[in-house]
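requesting a structural model of the entry that follows:
(one chain, ligands or ions: 1)
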Amino acid sequence: MTSAAPSNAAPSTAAAAAPAGVVVAETHGGVRVLRIDHPPVNALSQAVRAGLLHALEQAEQDPAIQAVLLVGKGKAFIAGADIREFGKPPQAPVLRDVCNRIEACAKPVIAVLHGAALGGGLEVALAAHYRLLLPQAKLGLPEVNLGLLPGAGGTQRAPRLMGAKAAAELMLSGKPLSAQAALAAGLADRLEAADDPVAAGLAWASALLAQGAAARRTRDLPVPDADTAQAALQALEQETARKTRGLFSPLKIIEAVRAALQLPFEQGLARERELFLECMDSPQRQGLLHAFWAEREVLKVPQAREAAPRRVERLAVIGGGTMGAGIAVAALQAGLHVHMIERDAQAIARGQANVEKICDGQVAKGRLTPQARDELLARYVPGTDYQALAEVDLVIEAVFEDLQVKQDVFRALDRVCKPGAVLATNTSYLDIAAIAAVTARPQDVIGLHFFSPAHIMKLLEIVVPERTAADVVATAFALAQRLKKIPVRAGVCDGFIGNRILAAYKQAADYLMEDGASPYEIDAAVRDFGFAMGPFQVIDLAGGDIGWATRKRRAATRDPRARYVEIADRLCERGWFGQKTGRGFYLYPDGARSGQVDPQVLEIIDAERQRKGIAARSFTPEEIMRRYMAAMVNEGAKVVQEGIALRPLDVDAVFLFGYGFPRWRGGPMKWADMQGLPQVLADIQAFARQDPLFWQPAALLEQLVAQGRDFDSLNRAAA
Ligand code: 3H9
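Sure, this is the predicted structure:
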């Protein structure tokens, strides 16, 4: 090869303009720079694939060109396949062919990775002949998070560069490697502390050409750990089967990597293709993709977008219990200054101890260094005097769940806080409009419903009463993102989105229990569905006394016609509140954390059935889940119908990020769509024959079924 060094002359763009302008070709001396320019993240849509192929072929045919540079414009190199094309018929050229064409190019192809090179984006880079990293590069094969495996040669090329075991681990984790780690792993040739990918790439191209570097193909390399990888993959397979219970694509990933060890490259690619298509066809892919999309779409709330957020640097938390302390730590970790107020010296000492305990726990788990903890605690100001809140920008009240207690706090806040401060309550079901009404500034009041432990749980319900100002809603969304939470807008009603729906399916679980299923059978069916815990395990963990107090408080307002199951009350009357008392629905001998079946609980349940004249019948796990899910979906539909949730996807996000709903099922509304809404409605109608009051079908569900539509049609209409 001749070695004409690239010049710094002004680039010419005329010759190789790519279709639709998403791949822009510029010539610098003998180097053709192909810039992928497809915001927001340069995803490999059909136009990008076609553009790359076209520009590459032109560069190869042009005798003046000696090397090709692939660079991404904007923050990312390429974030992967365009997920909006999934589920649609594939359009040529497919990415696998584009990658093969890049690898086959007779002239050296150099990929410069300055940002996210993920999934198909990394596969493009692996097909290139040389890879240069800049410090902000992030390399990963996250397809597993979408229920897929790398389908454009990644399962065959990554093992040849980094070894089969490491490649399988990278794909199974779904997590990206930093530039430094990717270099050490063998995924790239060079890391350079530069800012401008084009300049750095041109300089390196020039050096490579000067050395006479030629095309160098990953496909021709042997897998470096071929001797030991078979055994390593077998061990990984066993571990993966155990850890990813029920997930489809992880084991397929291992199969594809095994093909890289056992088959020649072309056949390995063909095997990868078969496995990729199996994953693409799986319902899990649909569920996981929906979860990815819902996580981002919840941010698109008209109210939050129509105004600029208020500035928030100083935050206050009222109440230092478990919730208040968790919120305080979440805010401290986001770099905010946090005041904490409690009613007296003893209570604030407890609050401070709670905050320190969480921080120490973070240090023990390696999530925080001791210095970072000290720096964080230096921004924490505990106290008992509301006057200290005169200058804070936002207050989150997290005191005892009682309307009068909360109203007293808001009266005090209204007196001391500066005009324009946002006043938020962390109530989980109280009427926020009634809390706002005791202040002279209801437009500044909003609900920020965190989930425990608040420094860990992702979900934040943003509850918006009618009178709240748009810039307060925008501030809440901005704060949520700063705290790395997933915000979901909710309207005001008893329990908002999550707890209201939870109340409905817990009731369905109670009815199942009284009708004949044991709590252990119900919990097992719910776990098999994919939740980490069943509803009765959750009660035991949270403390049965909490629900008992709520039931007593609501007894006066309960519909006398409604069926009421008293089994949980019978347990609470005995002081069996769950884990903390050593027994609840389960037995926890000697402080055990996982419970054992309690024959006395079964006797109590039997006695309750007899008292009510109920002849116990048996339920299969499938029957249990049909009722459990029908209750969840029906209430979810009512929540959407009433405008409490903006769209079905908001309900899905609440359950995925706050209630442990299995991500691969996409959320309750997505699950219902995948079952078929006519089937779900038919179930509800059948259950209604036994209890028409509880099983009233949501009008929205009936309407969608009548129109032959699904919940997702509402999501799409709102997008
Ligand atoms: C794959 O590659 C399969 C191949 O192996 C085989 C093919 C045959 N497509 O997250 P953000 C949008 S599977 C389309 O908020 P950040 C996103 O929806 C793919 N759009 O920003 C959002 O849109 P909007 C493997 C995408 O800075 C906007 O970009 N790749 C895609 O926090 C900003 O996103 C992945 O799984 C996409 N692939 O994070 C990577 N990705 O503004 C997935 C994002 O309308 N992506 N969008 O709401 C990510 O991890 C992050 O988006 C990234 C940026 C780290 C890139």
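
residue 70: what secondary structure?
strand (DSSP: H, G, I helix; E, B strand; the rest coil).

test my guess that it contacts residue 113.
No - between residue 70 and residue 113 there is no contact under C-beta atoms under 8 Å: 9.0 Å. Every residue, glycine included, has its C-beta placed from N, CA and C.

name the residues contacting each of the two.
Shared contacts of residue 70 and residue 113, defined by C-beta atoms under 8 Å, 6 or more residues apart in numbering, are found at 77, 125.

give me the more crowded residue out of those two.
Applying other C-beta atoms under 10 Å to residue 70 and residue 113 shows that residue 113 carries more neighbours, namely 32 against 28.

nearest spatial neighbour of the more buried one, skipping sequence neighbours?
residue 137 (4.2 Å; C-beta to C-beta, 6 or more residues apart in numbering).

okay but the one you found is in contact with residue 75, surely?
No - if you go by C-beta under 8 Å, residue 137 and residue 75 don't touch, sitting 11.1 Å apart.

what touches both of the two?
In contact with both residue 137 and residue 75: residue 115, using C-beta under 8 Å, 6+ apart.

is stretch 710-719 anywhere near the ligand?
No - using C-beta under 6 Å from any ligand atom, stretch 710-719 stays clear of the ligand, with a minimum separation of 8.9 Å.

which residues touch that stretch?
290, 297, 300, 637, 640, 646-649, 669-670, 672-673, 677, 704.

out of those, which are buried?
290, 297, 637, 640, 646-649, 669-670, 672-673, 677, 704 (16 or more other C-beta atoms under 10 Å).

show me how far the helix or strand where residue 505 lies is from its chain's centre.
Using DSSP states H and E, residue 505 sits in helix 498-515. Helix 498-515 sits 25 Å away from the centroid of its parent chain (C-alpha atoms, centre = their mean, to the nearest Å).

please, where are all the strands along the stretch 151-300 of the chain?
Applying DSSP state E, counting those that start in this stretch to the stretch 151-300 of the chain gives strands spanning 177-178, 190-191.

look up the closest residue to the most centrally placed residue in the chain, ignoring the ones flanking it.
Nearest to the mean C-alpha position of the chain, by C-alpha atoms, centre = their mean, lies residue 295 at 5.8 Å. Leaving out its chain neighbours, the residue that sits closest to residue 295 by C-beta to C-beta, 6+ apart is residue 486, at 5.9 Å.

okay, and the nearest residue in space to residue 677 that is not next to it in sequence sits in which element?
Nearest non-adjacent residue to residue 677, counting by C-beta to C-beta, 6+ apart: residue 705, 5.1 Å away. If you go by DSSP H and E, residue 705 is part of helix 699-707.

what does that helix rub up against?
The contact list for helix 699-707, computed with C-beta under 8 Å, 6+ apart, reads 633-634, 637-638, 640-641, 677-678, 680-681, 684, 710-711, 713-714.

rewinding a little: buried ones in the helix or strand following the helix holding residue 505?
Going down the chain from helix 498-515, the next helix or strand is helix 519-529, by DSSP H and E. For helix 519-529, a neighbour-count test (16+ other C-beta under 10 Å) marks 519, 520, 521, 522, 523, 525, 526, 529 as buried.

a markdown table for these, including distance to residue 423?
Output for the buried residues of helix 519-529, formatted as a markdown table (distance: C-beta to C-beta, whole Å):
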| residue | distance to residue 423 |
| --- | --- |
| 519 | 41 |
| 520 | 45 |
| 521 | 46 |
| 522 | 41 |
| 523 | 40 |
| 525 | 43 |
| 526 | 38 |
| 529 | 40 |
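
for those residues, which one is nearest the ligand?
The shortest approach to the ligand among these belongs to residue 529, at 25.4 Å (C-beta to the nearest ligand atom).

so the closest one sits against residue 662, correct?
Yes - counting by C-beta under 8 Å, residue 662 is a contact partner of residue 529 at 6.9 Å.

for burial, what's the neighbour tally of residue 240?
Using other C-beta under 10 Å: residue 240 sits among 18 other residues.

show me the contacts for it.
Contacts of residue 240 (C-beta under 8 Å, 6+ apart): 172, 250, 251, 254.
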